[in-house]
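1. Next come a sequence and a model predicted from it.
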Amino acid sequence: MVTYGGSYQDATVKAVFDPFTKETGIRVQLVPYPGLDKVKAMQLTGNIEIDVYLSTGAEAAAGSKLGFWDKLDPSLFDLKDLKIQPTSDYVTYEIYAQGVTWDPKKFGSGKHPTNFVEFFDRQKFPGRRAIRARVQNTLEIALLGDGVAPKDIYPLDLNRAFKALDRIKSQLVWAANTPQDTALVQVGEADFSIANSNRVKATTEPGGGVPLAFSFEQNVLGGSTLQLIKGARNKDGAMKLIAYHLRPEVQARLYNLVGATPVSKKGSAMLSPDVSKWQPNLENPRNVYLNDTYWADNYEAATRRFQEWKLT
């Protein structure tokens, strides 16, 4: 199974994988996130090295259009309990919130951005900015940072998005993975970052390093998904693992550790008060929820343009 590493992976092993192995006898081998190009290569060669692929909803939708995933059996899930219904070949298992983060000891009230327009305001808030080096989320954040209303984000105006990114390009520090979103701020490589709320929460806990702050004033929300790679060698075990991941008690166990938002309604009700205060307001009109349908149609072309832009 694919994982993103860091404290999130450690928590998932403790809350999901170890209990799953104890219950079923099925061992879970973890591999670093490889990207869709790796999945495409496996499909072309027939050498399927991964069973369960974990990704964003946007990437899952793009992979679905490309035919990378096997069909899921809806009877595996309690559909009435899920805030987001599964598609035919991938299921959302959590909702994440991305927003502005900073070191509160370095930047007091009024000295740091709290929304995306301010994040793109180099004059009012000078400093280095860290953003995860991936096209989805980044383009939405760029348009919000340029003043586009949340309701008008889709379809993405790519020219406007890249023009907005040009404004801060000289100050950008690219995060190679999710843990770096916070680590770059903790070590002083970046002054402000776009990070996941649960990753910032982890910095405020024992052993988390430099405690960071996070703004819920405006967020980009997205779903993290699970899918079965077509041709997987361990299909039955993989299906069982995906179903196990969606159980309410498993969701509560995981998100009481990592602080993201469960897709299980019952699981959300089991969260501790400390974790509940790190949950985004899903009804905030300033937020944008990633449009998986848009990305299914535009992922490859937008990714190519993004990679080319980074090199210029």
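-> Right, received. Where do you want to start?

2. What segments of the stretch 51-200 of the chain are strands?
-> Remark: strands assigned in the stretch 51-200 of the chain by DSSP state E, counting those that start in this stretch are 52-56, 91-102, 129-132, 172-175, 192-196.

3. quick one: buried residues of stretch 76-85?
-> 77, 81, 82, 83, 84 (16 or more other Cβ atoms under 10 Å). Heads up, the C-betas are built off the backbone N, CA and C, glycines and all.

4. so the third one touches residue 267, yeah?
-> Read it as residue 82. No. Residue 82 lies out of contact with residue 267 (Cβ atoms under 8 Å); the separation is 9.9 Å.

5. who are the neighbours of whatever helix or strand residue 298 lives in, in terms of helices and strands?
-> Per DSSP states H and E, residue 298 falls inside helix 292-311. Contacts defined by 3 or more Cβ pairs under 8 Å, 6 or more residues apart in numbering; DSSP states H and E place helix 292-311 against helix 57-65, helix 135-145, helix 158-168.

6. tell me the mean pLDDT for that helix?
-> The predicted model gives helix 292-311 an average pLDDT of 92.

7. Give me the contacts around it.
-> Outside helix 292-311, the residues that touch it by Cβ atoms under 8 Å, 6 or more residues apart in numbering are 36, 57-62, 64-65, 133-136, 138-139, 154-156, 158, 162, 165, 174, 223.

8. and those residues, which are buried?
-> 36, 57-62, 64, 133-136, 138-139, 154, 156, 158, 162, 165, 223.

9. Hmm, residue 194 is touching residue 132, no?
-> Yes. Counting by Cβ under 8 Å, residue 194 does reach residue 132; the two are 6.9 Å apart.

10. Quick check: neighbours shared by these two?
-> Common contact partners of residue 194 and residue 132 (Cβ under 8 Å, 6+ apart): residue 181.

11. Quick check: residue 109 vs residue 185, distance?
-> As judged by Cβ to Cβ, to the nearest Å, residue 109 and residue 185 stand 17 Å apart.

12. Same check on residue 287?
-> 22 Å.

13. How many residues are close by residue 96?
-> 24 (other Cβ atoms under 10 Å).

14. Repeat that for residue 185.
-> 28.

15. give the contact list for it.
-> Applying Cβ under 8 Å, 6+ apart, the residues contacting residue 185 are 101, 102, 103, 130, 191, 192, 193, 195, 210, 212.

16. out of everything not next to it in sequence, what's closest to the first one?
-> Spelled out, that is residue 101. Distance criterion Cβ to Cβ, 6 or more residues apart in numbering; nearest residue to residue 101, sequence neighbours excluded, is residue 195 at 4.4 Å.

17. I'm done for today, thanks for sticking with me.
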